[in-house]
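Asks: got a sequence here, can you model it:
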Amino acid sequence: MTDFPAVRSSGADLFARYAYAPNELGYCGPADPGGLLVSGSPEAEREIARRARAFEGAWVYLEMIAQANGITDPLDPRVVEAYWLGNDLLTSVESGWFLARLRARFRGQSGGQWTGGIPDIDAGVVPHHAFHVFGIYPWVGLLGRQGDVARSVLDSCRIRTAVVTAVEGPRATVDAARLEWDGSRLAVGSTTEPLSVRWSHEGKSLLYGVEVGDLVAVHWDWVCDILSADQAAAAEHYERRQLGITNHLLAAAPGPPAAGG
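Replies: Numbers count the residues shown, from 1 in each chain. The predicted structure is shown next:
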């Protein structure tokens, strides 16, 4: 098992670890995703920070977390961790303020399953990646029409906690719980199944390596980070919290979920 580092990486490096996979797939961020697979110099940090601003959704969340906590740098590592995994910075973000800012920022755009835009929610949503996946990302709105396709996309997009069971070159096998959809509710399953993922690409990685037994975060097919037990618990907590809110909204919606923009 890899020793968990005593000092966390910089905020720019941490952002790149989680943002690389969707950028590589072309879902968000600037062209040339390989530009995120750099670290170790001030120039590399500045390049990642420049690229981070092109992730339109994530950057807005980072800015709001920082502002709510009186932190000047949206790439402060505490802020970046709060967005991707969750930490106590999120407790300083008031839900009404967050949603009002989000509506103003994305005025005119539909939000996920809500074809009329982001609704009034008094359940305490926060600017966490799980909110973006299950509240804004359009695939929740497609569950009623595209079933397992939509579930699979949501499962890949969420930050999954997993345990490494095998490593071979740039790939690893991890055990991860699967997102389930029973036709009316989303939930993370109680059992795990093997998943083949990458931790490096063409010899480049933002990790020193992974070993059997490591507790890791996975985004799409990419190992983002080696986690402490507390970090994994935080990621799972905020995901469960958001799934509860999303399921409540789905149950209250008339008819099947509608596709959003």
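Asks: now for the host helix or strand of residue 172, which elements pack on it?
Replies: Counting by DSSP states H and E, the element that carries residue 172 is strand 171-181. Counting contacts by 3 or more Cβ pairs under 8 Å, 6 or more residues apart in numbering; DSSP states H and E, strand 171-181 packs against helix 143-157, strand 160-168, strand 186-198, strand 215-219. In this view, the C-beta of every residue, glycine as well, is placed from N, C-alpha and C.
Asks: can I assume residue 98 is in contact with residue 126?
Replies: Yes: counting by Cβ atoms under 8 Å, residue 98 does reach residue 126; the two are 6.6 Å apart.
Asks: who has more neighbours out of the two?
Replies: Shown here are residue 98 and residue 126; by other Cβ atoms under 10 Å, residue 126 has more neighbours (24 against 21).
Asks: does the more buried one really touch residue 238, like I thought?
Replies: Yes: between residue 126 and residue 238 there is a contact under Cβ under 8 Å: 7.3 Å.
Asks: now do the shared contacts for the two.
Replies: Applying Cβ atoms under 8 Å, 6 or more residues apart in numbering, one finds that residue 126 and residue 238 are jointly contacted by residue 90.
Asks: CA atoms only for stretch 127-146, dumped as CSV, please.
Replies: The C-alpha trace of stretch 127-146 is given here as CSV (Å, rounded to 0.1, in the frame of the first residue of the first chain):
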residue,chain,number,x,y,z
PRO,A,127,-20.9,23.5,-4.8
HIS,A,128,-19.6,20.0,-4.8
HIS,A,129,-18.9,17.9,-7.9
ALA,A,130,-21.8,15.6,-7.0
PHE,A,131,-24.2,18.5,-7.3
HIS,A,132,-22.9,19.2,-10.8
VAL,A,133,-23.2,15.5,-11.8
PHE,A,134,-26.7,14.9,-10.3
GLY,A,135,-28.1,18.4,-10.4
ILE,A,136,-26.8,20.2,-13.5
TYR,A,137,-25.4,17.5,-15.8
PRO,A,138,-28.2,16.6,-18.3
TRP,A,139,-28.0,12.8,-17.9
VAL,A,140,-30.2,12.6,-14.9
GLY,A,141,-32.9,14.1,-17.1
LEU,A,142,-32.4,11.2,-19.6
LEU,A,143,-32.8,8.3,-17.1
GLY,A,144,-36.5,7.9,-18.0
ARG,A,145,-35.7,7.6,-21.7
GLN,A,146,-32.2,6.1,-22.0
